[in-house]
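K.L.:
Return a 3D structure for these sequence lines:
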Amino acid sequence: MMPGANLCNHAPSSYSVSTAGYRTGMTAVPAPSISSPHSSPLGDPLPRNCTFEAADWQKLARFWYPVALARDVGEQPLSARLLDEELVIYRAGQQIVIAGDLCPHRGVPLSMGHGDGQSIACAYHGFRFGAEGRCIKVPAHPGSAIPGKLHLRTYPATERYGLIWTCLRPDETGSASIPPMPHWDDAGFQQITCPWIDIFGFAGRQMEGFLDVAHFGFVHTGTFGDPENTTVPSYIPVPTRDGFEVEYRSSLSNYPHGSDQPVPEDFVWLRHFRVHLPFTATLSIDFPDHGRLVIMNAASPVSARITRLFVPIARNFDTDRPIQEVYDFNRRVFEEDKAIVEAQKPECLPLDPTLEAHVMADRSSIAYRRALRERGFSHFFTA
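P.N.:
Sure thing, here's the model as predicted:
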């Protein structure tokens, strides 16, 4: 094994990262909001019982994360949590509203109430809230003017890849964006948004596992991994504006065990990772006969210790097969990863390269930790 400091801080020339011939690939997708947030200065109080270090929380809150499947947002209010912030999501006609999940009157969660597709009503006193989180009815005083203090604090809401995305502290410069997903809108590609899965571990740990190419033959032996094919060919992470990308070629098949799909003997599997900091990445996989599969790993940090994983998928083959097969297979893959992430210690992601040992197969992990460190993140957890 090689000392972590050598790989992270003072890489030898054989490990230097070259940007020669770098392809920009996907550009950041602008994030048009369906509802606009009220002003939210960076000095705002942290969420109740915040599990993140204050400085890390302020940085994390500037990014976009998914908080719900679009198909789950109907007439009734839906609860969600992001970075320890309790949220309510509801439809007001054509608008999706994301707001703090407390009624400003007496502090009851609005997700306990009921909706009609145009507004939601608090379960306690029936105060009703509509588009842009505005209070539109106070049943106890139907003829009186409604004070502005009763309007909800809202956050931007955008639907993309079958997910509802938001940002708790949007940057006025608009520098943060919803991560791009290759081929989602391309002709011939099927769009699939898998059910989410909760992982009782840190989003950074889950992300690192998604990027890891050395664990397939040990963790995923029940799905697609091959314990006889564990050698990791050389690969080099290339920095990008939003993180980094990696092209990884190997002989390891990505077909599920038991598949009768033929694979040419000389076929090389190309896995192309694109990392969009802090907790989103896409993986494009080249299949035989010009097949292409794209998986987005969007690790939404419910708290420092809970991650809700959203997984949109696009593919241009097997489009006639039942969607449930895709749901079931990917659930099994991520359940295999979930068991590992939930067992890791320490629970946080060590950004100090001297705290763990590293090998050359860990280049993506090292690049990920370095990128977080360079953007000013610390150890994330309050304890």
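K.L.:
From now on I want contacts and neighbour counts done on CA atoms only, so please keep to that.
P.N.:
Will do.
K.L.:
residue boundaries of the helices in the stretch 51-200 of the chain?
P.N.:
54-60 (DSSP state H, counting those that start in this stretch).
K.L.:
Let me see the ranges of the strands in it.
P.N.:
Applying DSSP state E, counting those that start in this stretch to the stretch 51-200 of the chain gives strands spanning 65-69, 78-82, 85-92, 95-100, 114-115, 120-121, 128-129, 135-137, 154-155, 158-160, 163-166, 190-199.
K.L.:
Partner strands of the third one, with direction?
P.N.:
Meaning strand 85-92. Applying DSSP bridges, strand 85-92 is found paired with strand 78-82 (antiparallel), strand 95-100 (antiparallel).
K.L.:
How far away from the center of its chain is that strand?
P.N.:
18 Å (C-alpha atoms, centre = their mean, to the nearest Å).
K.L.:
rewinding a little: tell me which of the strands of the stretch 51-200 of the chain sits most buried.
P.N.:
Burial of the strands of the stretch 51-200 of the chain is given as mean neighbour count (mean count of other C-alpha atoms under 10 Å); strand 120-121 ranks first at a mean of 27.
K.L.:
tell me the pLDDT at the most centrally placed residue in the chain?
P.N.:
Most central in the chain under C-alpha atoms, centre = their mean is Ala298, positioned 2.1 Å from the mean C-alpha point. Note for Ala298: predicted pLDDT of 98.
K.L.:
Flag the shaky bits of this structure, pLDDT-wise.
P.N.:
1-43, 173-175, 383 (pLDDT under 70).
K.L.:
what residue of it is the furthest out?
P.N.:
The chain, C-alpha atoms, centre = their mean, max distance from centroid: Gly143 (45.0 Å).
K.L.:
quick one: Val108 and Gly100 touch, right?
P.N.:
No: counting by C-alpha atoms under 8 Å, Val108 sits too far from Gly100 to count as a contact (10.9 Å).
K.L.:
thinking again about what came up before, can I get the strands paired with strand 85-92 in TSV including distance to Val359?
P.N.:
Listed next are the strands paired with strand 85-92 as TSV, based on distance: least, C-alpha to C-alpha, whole Å:
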stretch	distance to Val359
strand 78-82	34
strand 95-100	43
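K.L.:
Can you check which of the ones you listed gets nearest to Tyr235?
P.N.:
Closest approach to Tyr235 among these is made by strand 78-82 (34.0 Å; C-alpha to C-alpha).
K.L.:
Can you give me the domain boundaries for this protein?
P.N.:
The chain breaks down into these domains under the TED database: 62-166, 190-375.
K.L.:
can you give me the end-to-end distance of the first one?
P.N.:
With C-alpha to C-alpha, to the nearest Å as the measure, the ends of domain 62-166 fall 10 Å from one another.
K.L.:
Quick check: chain neighbours aside, which residue is closest to the residue nearest to the centre of the chain?
P.N.:
Thr280 (4.5 Å; C-alpha to C-alpha, 6 or more residues apart in numbering).
K.L.:
State whether that neighbour and Pro301 are indeed in contact, as I suppose.
P.N.:
No: at 10.7 Å, Thr280 and Pro301 do not qualify as touching, with contact defined as C-alpha under 8 Å.
K.L.:
sorry, back to before: what about the strands paired with strand 85-92, which gets the closest to Arg373?
P.N.:
Comparing these by C-alpha to C-alpha, strand 78-82 comes nearest, at 21.9 Å.
K.L.:
Quick one: work out the angle between that closest one and strand 65-69.
P.N.:
Here the directions of strand 78-82 and strand 65-69 differ by 160 degrees (axes from the mean of the first three to the mean of the last three C-alpha atoms, to 10 degrees).
K.L.:
Need the contact partners of strand 78-82.
P.N.:
67-68, 86-90, 101, 111, 300-303 (C-alpha atoms under 8 Å, 6 or more residues apart in numbering).
K.L.:
circling back to that earlier point, packed most tightly, which of the domains of the chain would that be?
P.N.:
domain 62-166 (a mean of 20).
K.L.:
How far does it sit from its chain's centre?
P.N.:
So, by C-alpha atoms, centre = their mean, the centroid of domain 62-166 is 22 Å from its chain's centroid.
K.L.:
just to revisit the earlier point, the residue nearest to the centre of the chain: helix or strand, and which one exactly?
P.N.:
Using DSSP states H and E, Ala298 maps to strand 291-301.
K.L.:
any idea how far the nearest residue to Cys135 once chain neighbours are set aside is from Val67?
P.N.:
Excluding the flanking residues, the one nearest Cys135 by C-alpha to C-alpha, 6+ apart is Phe129, at 4.3 Å. Distance, Phe129 to Val67, using C-alpha to C-alpha: 20 Å.
K.L.:
my read: Ile164 touches Asp72, true?
P.N.:
No: counting by C-alpha under 8 Å, Ile164 does not reach Asp72; the two are 9.6 Å apart.
K.L.:
Specify the angle between the strand holding Ala298 and strand 78-82 in degrees.
P.N.:
Angle of strand 291-301 versus strand 78-82, following the same axes, to 10 degrees, is 80 degrees.
K.L.:
what sits against Phe244?
P.N.:
Phe244 touches Pro237, Val238, Arg274, Val275, His276, Ala367, Tyr368, counting by C-alpha under 8 Å, 6+ apart.
K.L.:
The strand holding Ala298 pairs with which strands, parallel or anti?
P.N.:
When pairing is defined by DSSP bridges, strand 291-301 lines up against strand 280-287 (antiparallel), strand 307-315 (antiparallel).
K.L.:
Just put those in JSON lines and tack on distance to Ala123.
P.N.:
Below are those laid out as JSON lines (distance: least, C-alpha to C-alpha, whole Å):
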{"stretch": "strand 280-287", "distance to Ala123": "36"}
{"stretch": "strand 307-315", "distance to Ala123": "27"}
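K.L.:
Just send the domains of the chain back as JSON lines, with distance to Met181 too.
P.N.:
Formatted as JSON lines, the domains of the chain follow (distance: least, C-alpha to C-alpha, whole Å):
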{"stretch": "domain 62-166", "distance to Met181": "8"}
{"stretch": "domain 190-375", "distance to Met181": "7"}
